[in-house]
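In: structure, please.
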Amino acid sequence: MRSITLYVQILSLLMLQLACSSGGEGPEVQKVSPSELDKLISDHPQSYVVVNFYTTYCKPCLEEIPELAKFQQDSDREADVLLVSMDEPAVSKLFLAQYLERCGVDFVTYHLDPTLAEEFMVKYVPDWDRSIPVNLIFTQGGRLVEKTGMTNPSEIRMIIHQDQMFHR
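Out: Presented below is the predicted three-dimensional model:
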């Protein structure tokens, strides 16, 4: 099973090299626990935060991350993006950082052990079926606004504007 996972990860990296530009060591990747992730969300200074859960072997994630990186770099954005890898712990920080850099990510990202993901998700999405990518959009303070699968900046803006209309 591990050899299959490793094969899929290597294949994903090769696909990534075709899809994204080349780079060096990449952004900082910090390990995070479910409680630390809760704190990052609730204490976040931006009005909204999009928490994107991905793996390096997920093809839709590969397509989504560059768009989320561009969104994060937009100075007029209404939300910040927290990218959270759910790759196996054996995947190195350097591998994750290089993967993300090739997708245009230049901000701190996080790595959540997938065995702990359920602990986090059950609080917000009790019926989570372990599919990825999954995006959770929170308000400052930690209220869950929306859960989506693959998303893009236009959809994020629409969700935020709808939330602002009904909760302000």
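
In: who touches the closest residue to Gln98 other than its chain neighbours in this structure?
Out: Once flanking residues are discounted, Gln98 sits nearest to Gly26: 4.9 Å by Cβ to Cβ, 6 or more residues apart in numbering. Quick note: C-beta positions are derived from backbone N, CA and C, even for glycine. Gly26 sits next to Leu94, Leu96, Ala97, Gln98, Tyr99, Leu100, Glu101, Arg102, Val105 when contact means Cβ atoms under 8 Å, 6 or more residues apart in numbering.

In: the same query, at a cut-off of 7 Å, please.
Out: Going by Cβ atoms under 7 Å, 6 or more residues apart in numbering, Gly26 touches Ala97, Gln98, Leu100, Glu101.

In: just to be sure, the first one is in a strand?
Out: No. Membership of Ala97 in a strand is not supported by DSSP: H, G, I helix; E, B strand; the rest coil, which gives helix.

In: just give the nearest non-adjacent residue to it, would you?
Out: Gly26 (3.0 Å).

In: distance of the residue nearest to Gln98 relative to Glu63?
Out: According to Cβ to Cβ, to the nearest Å, Gly26 stands 19 Å off from Glu63.

In: and what of Val105?
Out: 14 Å.

In: tell me which of these two has more neighbours.
Out: Between Val105 and Glu63, counting by other Cβ atoms under 10 Å, Val105 is the more crowded of the two (26 against 14).

In: so the more buried one touches Pro27, yeah?
Out: Yes. The criterion here is Cβ atoms under 7 Å, and Val105 meets it with Pro27 at 5.2 Å.

In: sec struct for Asp76, please.
Out: coil.

In: what residues does it make contact with?
Out: Contacts of Asp76 (Cβ under 7 Å, 6+ apart): none.

In: for Val134, what are phi and psi?
Out: phi -130, psi 140 (degrees, to the nearest 10).

In: use 494 as the first number from now on
Out: New numbering, starting at 494: the last item is Val627.

In: beta partners for it?
Out: Following DSSP bridges, Val627 is listed with bridge partners Phe546.

In: tell me the contacts of it?
Out: Val627 neighbours (Cβ under 7 Å, 6+ apart): Phe546, Lys640, Gly642.

In: between those residues, which is nearest Phe659?
Out: Of all the contacts of Val627, Phe659 sits closest to Lys640, with 16.7 Å by Cβ to Cβ.

In: thought the closest one was touching Pro619?
Out: No. Lys640 lies out of contact with Pro619 (Cβ under 7 Å); the separation is 10.7 Å.

In: who's more crowded, the two?
Out: Lys640 (15 against 7).
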